[in-house]
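[1] have a look; sequence and predicted model below, questions after that.
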Amino acid sequence: EDVMKILEEAPNARKALRENYDNLLNVSCSNVKALEETKKFTAQSLASVAYQISTLASSVLSLLDAQTNQLRHMESSINLIGQVGVLTQGGI
C-alpha cells in the first residue's frame, strides 16, 4: 500500500522538482544578467567620477596659474615702485 502510494506520487513529485529546477535556473540567469548590468553601470559611474575629478583638477591648476601670474605682476610692480623710490631719493 505504501509502495503504491509512493509510485503514484512519484510522477507529480518529479514534475514539481523539474519545475523548481527550471525556476531556479531562470532566477540564476536573471541574477547573472542583473549583476552584469550592475557592473557595467558601476564602471560607467566610476568613469564619470574620474572625468569630473580630472576636469576639476584642471580648473584648479588653471586658477593657480592665473594667481601665480598675478603675483608675478604684483612683484614686478612692487620692484618698480622700489626702484623709482630709490631713484627719487638719490636724485634729491
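    All right, it came through fine. Residues are numbered from 1 along each chain as shown.
[2] okay, CA-based contacts and neighbour counts for the rest of this
    Fine.
[3] pLDDT of the one helix or strand Q83 maps to, averaged?
    Following DSSP states H and E, one finds Q83 within helix 2-91. Mean per-residue pLDDT for helix 2-91: 91.
[4] so what's the residue nearest in space to the middle of the chain up against?
    Closest residue to the average C-alpha location of the chain: L46 at 2.0 Å, with Cα atoms, centre = their mean. By Cα atoms under 8 Å, 6 or more residues apart in numbering, no residues touch L46.
[5] any idea how far S28 is from it?
    Going from L46 to S28 by Cα to Cα, to the nearest Å gives 27 Å.
[6] got it, and A57?
    Taken as Cα to Cα, the span from A57 to S28 is 43 Å.
[7] then A66?
    For A66 relative to S28 (Cα to Cα), the value is 57 Å.
[8] do N12 as well
    For N12 relative to S28 (Cα to Cα), the value is 24 Å.
[9] try L17
    L17 is 16 Å from S28, by Cα to Cα.
[10] ok, E9 next?
    Applying Cα to Cα, the value for E9 to S28 is 28 Å.
[11] how about T68?
    59 Å.
[12] just give me the neighbour total for A13.
    12 (other Cα atoms under 10 Å).
[13] in contact with it, which residues?
    A13 touches nothing, counting by Cα under 8 Å, 6+ apart.
[14] heads up, I number from 50, so please use that
    Yep, numbering from 50; the last one is A62 now.
[15] so it versus N72, what's the distance?
    15 Å.
[16] same check on N128?
    For N128, the distance to N72 equals 83 Å [Cα to Cα].
[17] okay then, goodbye and thanks.
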